[in-house]
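**Q** sequence-free structure coming up:
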């Protein structure tokens, strides 16, 4: 949700941006994230502008967020 909100705020043409699908994956090294973008929903947003904004947002947020698994092994 934070990624989509940041992309929407980046440009008025990105306001209709719907969001991203995140998937859990094993980090390759200690400093790596444990998530990656699996899919992108642009809606009626300008794809070129929103794609550029998404790259910037993800670069900034990758170190800030970590997916956790609950006791059942589900990611959340």
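**A** Perfect, I can see it now. All of these numbers come straight from a predicted model, not from anything done at the bench.
**Q** mind listing the strands for this structure?
**A** Here the chain has its strands, by DSSP state E, at 19-24, 35-41.
**Q** and of these, who's closest to residue 50?
**A** Closest to residue 50 of those is strand 35-41 (Cβ to Cβ; 8.4 Å). In short, each C-beta sits where N, CA and C put it, glycine included.
**Q** what angle separates the closest one from strand 19-24?
**A** Interaxial angle of strand 35-41 relative to strand 19-24 (axes from the mean of the first three to the mean of the last three Cα atoms, to 10 degrees): 150 degrees.
**Q** list the helices and strands strand 35-41 packs on?
**A** Contacts defined by 3 or more Cβ pairs under 8 Å, 6 or more residues apart in numbering; DSSP states H and E place strand 35-41 against strand 19-24, helix 47-61.
**Q** The ones you listed: which one's closest to residue 31?
**A** For residue 31, the closest of these is helix 47-61, at 13.9 Å, according to Cβ to Cβ.
**Q** Now find how far off-centre the closest one is within its chain.
**A** Remark: helix 47-61 is offset 9 Å from the chain centroid, using Cα atoms, centre = their mean, to the nearest Å.
**Q** Using TSV, lay out the strands of the chain together with distance to residue 52.
**A** Formatted as TSV, the strands of the chain follow (distance: least, Cβ to Cβ, whole Å):
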stretch	distance to residue 52
strand 19-24	14
strand 35-41	13
